[in-house]
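Enquirer: quick one: sequence plus predicted model below, questions after.
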Amino acid sequence: MDQAEGRKVWFEYWDTRLTYDKAYLSRLNYVHTNAVKHGLVRNAEAYPWCSAAWFSRTTERSFHSIVMQFPSDRVNVRDEYQPTPPSD
């Protein structure tokens, strides 16, 4: 559409078939808290390139609460971003 010849639109794209509700909820939490996990912000809703603020504004409180309390620390998603460790 933008006349960029040879452009890779889905560069490094992969997908995962989620077969369990818990897997979906874990990954949904991961998506919304990833900026916090990588130390970019303290509150995910403050990160402008994240959907956390939209998710908080538009979902029912009960569903939002379930997702945000669901553990995502064991979600193993390939992620090449390595934050710089804080200096002491």
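Expert: Okay, I see it. Numbers count the residues shown, from 1 in each chain.

Enquirer: quick check: buried residues in the lengthiest helix in the chain?
Expert: Ordering each helix of the chain by length in residues (DSSP state H) puts helix 21-37 first. Neighbour-count burial for helix 21-37, counted by 16 or more other C-beta atoms under 10 Å, picks out 25-36. All C-beta atoms are positioned from the backbone trio N, CA, C, and that covers glycine.

Enquirer: closest one to residue 74 out of those residues, please.
Expert: residue 26 (7.4 Å; C-beta to C-beta).

Enquirer: and the closest one, how close does it get to residue 51?
Expert: According to C-beta to C-beta, to the nearest Å, residue 26 and residue 51 sit 16 Å apart.

Enquirer: now the helices for the chain?
Expert: 21-37, 52-58, 61-69.

Enquirer: pipe these into TSV and attach mean pLDDT and distance to residue 45 per row.
Expert: Output for the helices of the chain, formatted as TSV (pLDDT from 0 to 100; distance: least, C-beta to C-beta, whole Å):
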stretch	mean pLDDT	distance to residue 45
helix 21-37	89	9
helix 52-58	95	4
helix 61-69	94	11
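
Enquirer: now those helices in JSON lines, with distance to residue 3?
Expert: Shown next, in JSON lines, are those (distance: least, C-beta to C-beta, whole Å):
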{"stretch": "helix 21-37", "distance to residue 3": "32"}
{"stretch": "helix 52-58", "distance to residue 3": "31"}
{"stretch": "helix 61-69", "distance to residue 3": "40"}
